[in-house]
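**Q** Fold the following.
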Amino acid sequence: MSDDKELNPVRLWREWFVKSEKAWSQAMTDMMGDERFSKGMGRYMQEALHTHRMFSESMAQYLANLNLPSRQDILDLSDRMGQVEDALAAVQVELRELRTRIAQGVSAAPASSERPKPARTKRPPEPS
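**A** Alright, predicted model coming up:
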């Protein structure tokens, strides 16, 4: 028996699959190329966005009534925590620099801010 006369189910399925894919691809291309489809899809997207907005607002109100944080509240809290972490990191850097200066025997205060201290005596300063 030759290969052409044999019944090969895999080959038949593959041919059917390729033809079906081409037919579906052509049908979808024709459908999406139509102006009515574009307008309908635009309207659908507007309605979906409106529905999503309404759901988000009603859920936020519901959570507020239950005294629970909303998604936006959690995101705001996350932003604030990030700012606190940044500030803490800056304080840690300054603290390390101060420790390094102290360990090296250098004054912790910058030299420009040092002023001469008055003499420690029991007598008041003499008038000039």
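
**Q** Tell me, domain by domain, which residues of this protein belong where.
**A** 10-68, 69-106 (automatic domain parsing).

**Q** and these as CSV, adding distance to K122?
**A** Every residue, glycine included, has its C-beta placed from N, CA and C. Formatted as CSV, the domains of the chain follow (distance: least, C-beta to C-beta, whole Å):
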stretch, distance to K122
domain 10-68, 66
domain 69-106, 32
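
**Q** Turn those domains into CSV, including mean pLDDT and distance to P127.
**A** Output for the domains of the chain, formatted as CSV (pLDDT from 0 to 100; distance: least, C-beta to C-beta, whole Å):
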stretch, mean pLDDT, distance to P127
domain 10-68, 93, 70
domain 69-106, 93, 38
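
**Q** Can I get those domains in TSV including distance to P118 and mean neighbour count?
**A** Below are the domains of the chain laid out as TSV (distance: least, C-beta to C-beta, whole Å; neighbours: other C-beta atoms under 10 Å):
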stretch	distance to P118	mean neighbour count
domain 10-68	60	10
domain 69-106	24	11
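
**Q** Those domains: which one's closest to K117?
**A** With C-beta to C-beta as the measure, domain 69-106 is the member of the domains of the chain nearest K117 (18.2 Å).

**Q** where's the closest one relative to the chain centroid, distance-wise?
**A** Mean-position distance between domain 69-106 and its chain equals 20 Å (C-alpha atoms, centre = their mean, to the nearest Å).

**Q** For A119, which of the domains of the chain is the nearest?
**A** Across these, closest to A119 is domain 69-106 (C-beta to C-beta), at 24.5 Å.

**Q** State which helix of the protein is the longest.
**A** Determined from DSSP state H, the single longest helix within the chain is helix 71-103.
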